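Enquirer: My questions are about this predicted structure, shown below with the sequence.
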Amino acid sequence: MKVSKLAANLIGSEIVKIGNEVNDLKAKGAEIANLTIGDLNSNIYPIPALLKEEIQKAYQNNLTNYPPANGLLSLRKEVSKDLKKRWNLDYSPDDILITAGSRPLIYAVYKTIVDAGDKVVYPTPSWNNNHYAYLTSANAVEVKTKPETNFLPTADDLRPHLDGAVLLALCSPLNPTGTMFTREQLSEICELVIAENKKRGADEKPLYLMYDQIYSCLTFGAEHVDPVSLFPEMKDYTIYIDGISKCLAATGVRVGWGFGPSHILDKMKALLTHVGAWAPKPEQEATAKFYENSENVDTFVDDFKAKLEESLKVLHNGVQHLKGKGLAVDSIEPMGALYLTIKLDYIGKTKPDGAVIENSSDLVFYLINEAGVALVPFSAFGEEKSEPWFRASVGGLAVDEIKVMLPKLESALNKLK
């Protein structure tokens, strides 16, 4: 049966495909160390107790009708205060838009700025930009990054591609790598954006920067930097993506917020009014109550990210131990988020059954079946399947589970010849 061309040509998620394999095996009794999901095991990492209480209270008080299209004023006021306290960013409640997590915001940024055929620039690996570019019929320009720069684009990488572009999409800390821009790296990129916009006439679209900082509170010693703090003139061109999904371990609570220039945020709000991608009113009410005291956020985040950092260090040290034993593996020291970047240089090797590991997907499914270890290849984030790099998310496992998994990974890799 015929469907739209857009629907017919949608690319399925490689992460979902891997997840389905993991779930099928688990249903058959297999023990799988699932490092694929950018999510959190809520039994290991529950949301803050006070936030849970406030959500329950809001439902008991029957706050179950529509919220305002741009979000509850009480929450937008608290977000405004938090942005000022945490990052010294000045955004009024009117320039903040609340949605059901960050995905509607990203989609709305694309739809508000990008016309069919417009140039959109983003690095690879990065999360889902290829899909949003497809959904907006953009002319997608993918800028390949290198491990030497922690898989983050440099100004030199981006410079040849910004002429005529209408959107540059960046993320720090980065999904899938867990790495972060330094002050110098981001400053040089912002200078490019400012210079590009100075060249443009009044009848031309500016070059906007979408800056996804959903993991900004989950950093391990490294400094989180953002465009407007570095260059106040970037305020006219920067749309931020943020929310509680990661920092409060609240991926399923679905409260995100974007903030940026009024004329962009107003159009995003109008667009999403027709989509209905609002965060539920009780969750908005509860989040506002939770943010009334900033110590609630700080206390939870400090404990939560310390646990994540411990898990990431155990995994990173484990991979480095295997490297020291001569295995063709490596990892990049984590700086933030939930993720470790791992290199498994086994493409082209032969499995015990004589079949060849022809690409990164083959290696993923071999490790699921042979070691009970599930990773996501960087091909799910725009890289080629010939690349030997993988994302490991520690949000779904306890530290002890990671320790148990490492010898299984070693054994499976040693069987490849």
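Expert: Right, received. Where do you want to start? Owing to the predicted nature of the structure, the values given are computational and were not obtained by experimental measurement.
Enquirer: Show me what the longest helix along the chain is packed against.
Expert: Looking across the chain with DSSP state H, the single longest helix is helix 294-324. Helices and strands touching helix 294-324, by 3 or more C-beta pairs under 8 Å, 6 or more residues apart in numbering; DSSP states H and E, are helix 73-87, helix 281-291, strand 329-332, strand 339-344, helix 399-414. The C-beta positions use only the backbone N, C-alpha and C, and glycine is treated the same way.
Enquirer: tell me which helix or strand of this structure sits lowest on mean pLDDT?
Expert: Within the chain, confidence by mean pLDDT, DSSP states H and E is lowest for helix 14-27 among all helices and strands, at a mean of 84.
Enquirer: Contacts for it next, please.
Expert: 32, 34, 36-37, 361, 364-365, 368-369, 374, 376-377, 379-380 (C-beta atoms under 8 Å, 6 or more residues apart in numbering).
Enquirer: just to revisit the earlier point, do me a favour and average the pLDDT over the longest helix of the chain.
Expert: Helix 294-324 comes out with an average pLDDT of 98.
Enquirer: Buried residues in that helix, which are they?
Expert: 296-297, 300-301, 304-305, 308-309, 311-316, 318-319, 322 (16 or more other C-beta atoms under 10 Å).
Enquirer: Tell me which stretches of this protein form helices.
Expert: Using DSSP H, helices in the chain cover 5-8, 14-27, 49-60, 73-87, 103-113, 129-135, 155-158, 183-198, 227-230, 262-275, 281-291, 294-324, 360-371, 399-414.
Enquirer: Specify the angle between the second one and helix 360-371 in degrees.
Expert: Regarding helix 14-27 and helix 360-371, their directions subtend 20 degrees when assessed with axes from the mean of the first three to the mean of the last three C-alpha atoms, to 10 degrees.
Enquirer: ok so, going back, what would the contacts of helix 14-27 look like in CSV with pLDDT?
Expert: Listed next are the contacts of helix 14-27 as CSV, based on pLDDT from 0 to 100:
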residue, pLDDT
32, 93
34, 93
36, 92
37, 84
361, 95
364, 96
365, 94
368, 95
369, 93
374, 96
376, 96
377, 97
379, 95
380, 94
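Enquirer: which two in these are spaced the farthest apart?
Expert: 32 and 379 (20.2 Å; C-beta to C-beta).
Enquirer: Not counting sequence-adjacent ones, nearest residue to residue 128?
Expert: Excluding the flanking residues, the one nearest residue 128 by C-beta to C-beta, 6 or more residues apart in numbering is residue 106, at 7.3 Å.
Enquirer: Provide a list of residues in contact with that neighbour.
Expert: Counting by C-beta under 8 Å, 6+ apart, residue 106 has contacts 128, 132, 210, 212, 241.
Enquirer: okay if I get those as TSV plus neighbour count, distance to residue 70 and pLDDT?
Expert: Below are these laid out as TSV (neighbours: other C-beta atoms under 10 Å; distance: C-beta to C-beta, whole Å; pLDDT from 0 to 100):
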residue	neighbour count	distance to residue 70	pLDDT
128	20	24	94
132	23	21	97
210	26	18	99
212	26	20	98
241	23	15	98
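Enquirer: nearest to residue 41, of those?
Expert: Of the contacts of residue 106, the one sitting nearest to residue 41 (C-beta to C-beta) turns out to be residue 128, at 22.3 Å.
Enquirer: and the residue nearest the centre of the chain, what is it in contact with?
Expert: For the chain, residue 175 is the residue whose C-alpha lies nearest the centre (C-alpha atoms, centre = their mean; 4.0 Å). When contacts are counted by C-beta under 8 Å, 6+ apart, residue 175 touches 38, 126, 127, 215, 337, 339, 391.
Enquirer: Can you tell me which of those has the most neighbours?
Expert: residue 337 (30 neighbours; other C-beta atoms under 10 Å).
Enquirer: Make sure that residue is actually in contact with residue 173.
Expert: Yes: shown here, residue 337 and residue 173 form a contact pair, counting by C-beta atoms under 8 Å, at 4.2 Å.
Enquirer: Return every residue with contacts to both of those two.
Expert: 215, 218.
Enquirer: buried ones in stretch 205-212?
Expert: 206, 207, 208, 209, 210, 211, 212.
Enquirer: any idea which of those residues is closest to residue 188?
Expert: residue 209 (13.2 Å).
Enquirer: follow-up on the earlier one: give me the buried positions along the least confident helix or strand of the chain.
Expert: Here helix 14-27 shows 14, 15, 18, 19, 21, 22, 25 as buried, counting by 16+ other C-beta under 10 Å.
Enquirer: Distance of residue 405 relative to residue 246?
Expert: Applying C-beta to C-beta, to the nearest Å, the value for residue 405 to residue 246 is 23 Å.
Enquirer: neighbour count winner among the two?
Expert: Of the pair residue 405 and residue 246, residue 246 is the one with more neighbours under other C-beta under 10 Å, namely 28 against 23.
Enquirer: Quick check: phi and psi at the more buried one.
Expert: Backbone torsions for residue 246, taken as degrees, to the nearest 10, come to phi -100, psi -50.
Enquirer: wait, doesn't it sit right on residue 214?
Expert: Yes: assessed by C-beta under 8 Å, residue 246 is found in contact with residue 214 at 5.4 Å.
Enquirer: What's the local residue count around the residue lying closest to residue 164 once chain neighbours are set aside?
Expert: With C-beta to C-beta, 6+ apart as the criterion, residue 164 has its nearest non-adjacent residue at 5.4 Å, and that residue is residue 119. For residue 119, the count of nearby residues is 19 (other C-beta under 10 Å).
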